[in-house]
Structures are given as structure tokens and as C-alpha cells.
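S.K.: Output the structure for:
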Amino acid sequence: MSDLTTNLRERAYRIRRFALRMGEVQGQGYIGQALGWADVLAVAYGHALNYRADEPEWEGRDRFLLSHGHYAIAFYAALIEGGIIQESELETYGSDDSRLPMSGMATYTPGMEMSGGSLGQGLPIAVGMALGLRQKKNPAFVYVSMSDGELDEGSVWEAAMGAAHHRLSNLICLVDINNQQADGPSSKVLGFEPLADKWAAFGWDVQRVDGNDMQAVLKAFGNARDLPEAKPRVILFDTLMGKGVPFLEQREKNHFIRVDPPEWQQALQILDDSWSAAQQTEGALA
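M.R.: Here you go, the predicted model:
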């Protein structure tokens, strides 16, 4: 295993840990998504994105749009890991006057490019940003993070068609396919398969990978950035809600989780023990 992969796995472990600690502050939240999406965020903020932690509005930065604003707890964890937000701020999560509200808002949080929560809006905004950056000859990429439930929104597919029409090679869409939304399994609310074929038919370069396989995620990000064709790129990530904490993985309904007080510390201990065991295994194999 490469040093980079090991480093990114450690980042994902810390992102999960930060998210759980924020969840403990409120006793509830979209923690299942945070645990499942942590590997993707680790690669984004630990390797792929070009940004300056001490200058979040630097003009040359890659833009990362959190379309699914309820994933804010995951995103804040990534911003803490990336050095954009101080770790001490996680204790204020969801509180009055906090820079970390429970749903992402650009006016509050450094590094938050859009106010999310009205699902289906991230990709249209990203298309506009990508067009603007190209007009200004700015080489930055625009990433938009969204969920499979957002695929129910017609605005997503209008934006997808527009992005292909304008050949936006600076646009990379990241879709979390965890098959969960507020009303039940995403595939039963509104079937979206064959998903890869649909994006390809709209003119996008498509990859579909296991979003909890660090090496696969890392390779997919690299392929998306390095693609020579002038077309937008989408990576479809199949993820497991609650990844890394078995008793949360097995919850039947885990779109929004209320966790009993002792379980937060249990979850943190499980993560710590798992990471310690992984390090010992790698050390034995070295």
C-alpha cells in the first residue's frame, strides 16, 4: 500500500471521528452520510483539491459545492481536517451564532461555496461557476457533491445537459449512491438505474466505483482530472451509510439518526480500535 493511500485512510478516519464528535454535541444528525462519504472527502481535501487553508476565497482555488446541504456535518469534518476550520469549533456545531449550522450556509462557514439544502440546485450553480471560470481563463476545477436522492430533481438533468453542451471539462460531479433518502430507499422512491448509462447518454464521462475503497476513490479522482476529452465528468460512488461503525451500518432507517448518549463514545471507540488494528496489520506486513 502506498504512503499516499495510508495517509488518506488516516484522514478518512479523522473525518469520521470529527463528525461523530459533532453529532454527539446535538445527539442526532446526518451522521450515517458523514461516515459513508468520509473516504471521498478525504481524497478531495487531502489530495485532489487545490486550495489554501488560510485563504478560503483565493481566486485560484478549486471550488467544492455541497449541494446536499444536510451533509454539512461531513463537510465541516473535512474542513477541519483540511485546516480551514479549527478543531475547537466542532463543539459549537448546530448552536446559536456558530459558524457550523446543521445545514450548510455559505454566509456562515469559510470554505462553503453555496447554501445547500434545496436539493437539486448544486449542479446548476456549478455549471454557472464552471462557465465563469472558463471565461476568465481560470484553470480551477469545480466539484459538486450531491446525493442519489437529488437525481429525482429535474434541475439536475437540465444542468447535466447544459454542461455537456458547453463541454465543461472543468466540472466534476461526485454522486453519493447510498440508496437512502428521507422517504425510504432511493431506488424505491424513484428508480434511477441504469445510472451510468443515463449520465453517459447525457454526454458525460462516467466512472462508477466503490466509494469506501480508498484506492478506487483515489484513482477515480485522478482519472476525472486527467481526462483529455472536453466533456464534464461524473463519478458515481456506491457507499455504505454508517461506514466504520457496524451498529450504525445495520440501522434500518439511518437517513437521520438519533443516537443514545452512551453510543457516541461506543462508536468512537470502535473507530479507534479499528484504526489501531489496521496500523498494526500494516506494520506487520511492512
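S.K.: contacts and neighbour counts: CA atoms only from here.
M.R.: Noted.
S.K.: For Leu100, see how far away Ala38 is.
M.R.: 18 Å (C-alpha to C-alpha, to the nearest Å).
S.K.: okay, those two: which has more neighbours?
M.R.: The neighbour comparison of Ala38 against Leu100 (other C-alpha atoms under 10 Å) goes to Ala38, with 29 against 25.
S.K.: Report the contact partners of the more buried one.
M.R.: Contacts for Ala38 (C-alpha atoms under 8 Å, 6 or more residues apart in numbering) come out as 12-13, 15-16, 74, 78.
S.K.: try Asp183
M.R.: Here Asp183 is in contact with Val189 (criterion: C-alpha under 8 Å, 6+ apart).
S.K.: Could you pull up phi and psi at it?
M.R.: phi -90, psi 0 (degrees, to the nearest 10).
S.K.: As a check, name the ranges of all helices in the protein.
M.R.: Counting by DSSP state H, the chain has helices at residues 3-26, 31-43, 72-81, 122-135, 154-165, 186-189, 195-201, 214-226, 246-249, 261-285.
S.K.: any chance of these in TSV, with mean pLDDT too?
M.R.: Putting the helices of the chain into TSV (pLDDT from 0 to 100) gives the following:
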stretch	mean pLDDT
helix 3-26	94
helix 31-43	95
helix 72-81	96
helix 122-135	97
helix 154-165	97
helix 186-189	78
helix 195-201	97
helix 214-226	97
helix 246-249	87
helix 261-285	85
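S.K.: quick revisit: biggest separation within the contacts of Ala38, which pair?
M.R.: With C-alpha to C-alpha as the measure, no two of the contacts of Ala38 lie farther apart than Tyr13 and Ala74, at 12.0 Å.
S.K.: Find the nearest non-adjacent residue to Gly211, please.
M.R.: With C-alpha to C-alpha, 6 or more residues apart in numbering as the criterion, Gly211 has its nearest non-adjacent residue at 4.5 Å, and that residue is Phe237.
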